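**Student:** pasted the sequence and its predicted model underneath.
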Amino acid sequence: MTEKLEKIAITPAGHSAPPAKFSHGVKKGNILQVAGQVGFLPAAEGEEPVAAGPTLRDQTLQTLANVKAILEEGGAAWEDVIMLRIYLTDPSQFDEMNAIYNEYFADLKSVPSARTTVYVGLPGDLLIEMDALAVLG
Amino acid sequence: MTEKLEKIAITPAGHSAPPAKFSHGVKKGNILQVAGQVGFLPAAEGEEPVAAGPTLRDQTLQTLANVKAILEEGGAAWEDVIMLRIYLTDPSQFDEMNAIYNEYFADLKSVPSARTTVYVGLPGDLLIEMDALAVLG
Amino acid sequence: MTEKLEKIAITPAGHSAPPAKFSHGVKKGNILQVAGQVGFLPAAEGEEPVAAGPTLRDQTLQTLANVKAILEEGGAAWEDVIMLRIYLTDPSQFDEMNAIYNEYFADLKSVPSARTTVYVGLPGDLLIEMDALAVLG
């Protein structure tokens, strides 16, 4: 007999409420999935979420902070992430995003995660979205 | 010694045949992956698949039904899903899709899964595609 | 007590260096994630990566070879893959890609993996990108 695994929602304080019935993060067994995060600042309930700023740098750093908050609320860290999916809207921003990314992960204490970057449409003035898959333990 | 895990294809009766050598669903160990599903009605072998209808509502509900059929054929349920990826073609349909989504999942008996929505190109008149990752047990 | 799982980077010899701080593949526990691969030929360090050719066929076969090299370096094979994500830029190339795909996987010794194909933007002259999730054991 194996233990019944519980599916746990991860909702960091300050994260704006999801715009539909989904969880910002979910953990089941040793798998933690972070939902698509964008560069929204923490928002009080009922407030419209607002992006950290208009620039790729503003939004990339806030998106990374939002992913990190979910990982930490779920008992994980960047070191547990095996896959980061990055959605940009403009291929000309790839190099700038990579520079911000490398700077952000300069102190990572594990090998880097895998990553896929593709170029899609995003709503409003959003320039970047990310989601992440982590394996704990 | 650990038991050898078997990779099992999941093919619900009535699902139109995949347009290439892939499986609508795969289970290995306690991981179940649902392939990209669209709003096609069940089709007999050799028939061209046809979308449930031209509207986002038609296609969203049929896509959800198609994902659900794979989950159930694999011994899983929506409650086991940790990540749902949604591909829309038009950001202006986000709110309408969310309303349909929330209605559909009103009776979900677990915390909601994580989710990412991005805007991509899809073939023909398709308006929505979804895939899902579930952890069983 | 469970054994501490190690996160291992997978870097096939000859793979061009990632354009940022990410790993071409990562393994943790029995999960192996392959990062987004494109049709780049093997490149020496410091060299600009070059696509295998201008055609969808050239790039699809090289992309598949690049994914396979990561799987094998990680002790896995196509038979362990449960999900392959395919990013094309043009829906009119779906049928041609499927034909190449079916030919490539003609000798697969397991049921096929699940798959999602969507149409996105890719940099430069790239026509296709793929990533893969494998469950080992």
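**Tutor:** Cool, got the structure. Numbering: from 1, shown residues only, chains lettered A, B, ... in the order given.

**Student:** chain A: strands as residue ranges?
**Tutor:** Across chain A, reading from the start of the chain, the strands by DSSP state E fall at A:7-10, A:25-28, A:31-37, A:81-88, A:114-119, A:128-135.

**Student:** now render the ones you listed as JSON lines, adding mean pLDDT, distance to chain B and mean neighbour count.
**Tutor:** Backbone N, C-alpha and C define where each C-beta goes, glycine included. Putting the strands of chain A into JSON lines (pLDDT from 0 to 100; distance: least, Cβ to the nearest Cβ, whole Å; neighbours: other Cβ atoms under 10 Å in any protein chain shown) gives the following:
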{"stretch": "strand A:7-10", "mean pLDDT": "98", "distance to chain B": "4", "mean neighbour count": "19"}
{"stretch": "strand A:25-28", "mean pLDDT": "98", "distance to chain B": "4", "mean neighbour count": "26"}
{"stretch": "strand A:31-37", "mean pLDDT": "98", "distance to chain B": "3", "mean neighbour count": "26"}
{"stretch": "strand A:81-88", "mean pLDDT": "98", "distance to chain B": "5", "mean neighbour count": "25"}
{"stretch": "strand A:114-119", "mean pLDDT": "98", "distance to chain B": "8", "mean neighbour count": "24"}
{"stretch": "strand A:128-135", "mean pLDDT": "98", "distance to chain B": "5", "mean neighbour count": "25"}
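
**Student:** wait, which of the ones you listed is closest to A:Val50?
**Tutor:** With respect to A:Val50, and counting by Cβ to Cβ, the nearest of the strands of chain A is strand A:31-37 at 14.6 Å.

**Student:** of the strands of chain A, which is nearest B:Gly74?
**Tutor:** Ranking the strands of chain A by proximity to B:Gly74 (Cβ to Cβ) places strand A:25-28 first, at 15.4 Å.

**Student:** and the contacts of the closest one?
**Tutor:** Counting by Cβ atoms under 8 Å, 6 or more residues apart in numbering or on different chains, the neighbours of strand A:25-28 from elsewhere in the structure are A:5-11, A:32-35, A:70-71, A:73-75, A:136, B:80, B:82-83, B:111-114, B:135.

**Student:** same for chain C: which of the residues you listed are within range?
**Tutor:** Counting by Cβ under 8 Å from any Cβ of the partner chain, the subset of the contacts of strand A:25-28 that neighbours chain C consists of A:Leu136.

**Student:** hang on, the earlier thing: ok, which of the strands of chain A comes nearest C:Pro18?
**Tutor:** The minimum distance between C:Pro18 and these falls on strand A:114-119, with 7.7 Å, by Cβ to Cβ.

**Student:** show me the contact partners of the closest one.
**Tutor:** Residues external to strand A:114-119 that are found in contact with it (Cβ under 8 Å, 6+ apart): A:82-91, A:94, A:97, C:18, C:20, C:22-26, C:33-36, C:85, C:87, C:120-123, C:129, C:131.

**Student:** and if you look at stretch A:46-57?
**Tutor:** Outside of stretch A:46-57, the residues within contact range by Cβ under 8 Å, 6+ apart are A:16, A:38-41, A:43, A:58-59, A:61-62, A:93, A:96-97, A:100, A:124-128.

**Student:** what is the neighbour count of A:Ala77?
**Tutor:** A count of neighbours around A:Ala77, defined by other Cβ atoms under 10 Å in any protein chain shown, yields 15.

**Student:** what sits closest to it if chain neighbours are left out?
**Tutor:** With sequence-adjacent residues excluded and distances taken as Cβ to Cβ, 6 or more residues apart in numbering or on different chains, A:Ala77 is closest to A:Leu71, at 5.9 Å.

**Student:** correct me, but the one you found touches A:Val34?
**Tutor:** Yes. At 6.7 Å, A:Leu71 and A:Val34 qualify as touching, with contact defined as Cβ atoms under 8 Å.

**Student:** show me the common contact partners of those two, please.
**Tutor:** Taking Cβ under 8 Å, 6+ apart as the contact criterion, the residues that touch both A:Leu71 and A:Val34 are A:Gly25, A:Ala132, A:Ala134.

**Student:** was I right about the last one contacting A:Gly75?
**Tutor:** No. Taking contacts as Cβ under 8 Å, A:Ala134 lies outside contact range of A:Gly75: 9.9 Å.

**Student:** can you tell me which residues contact the residue lying closest to A:Gly25 once chain neighbours are set aside?
**Tutor:** For A:Gly25, ignoring the flanking residues on the chain, the nearest one in space by Cβ to Cβ, 6+ apart is A:Ile10 at 3.2 Å. Shown here is A:Ile10, whose contacts under the criterion Cβ under 8 Å, 6+ apart are A:Ser23, A:His24, A:Gly25, A:Val26, A:Lys27, A:Leu32, A:Ile70, A:Glu73, A:Gly74.

**Student:** and A:Trp78, by the same measure?
**Tutor:** Applying Cβ under 8 Å, 6+ apart, the residues contacting A:Trp78 are A:Lys68, A:Leu71, A:Phe105, A:Leu108, A:Ser110, A:Ser113.
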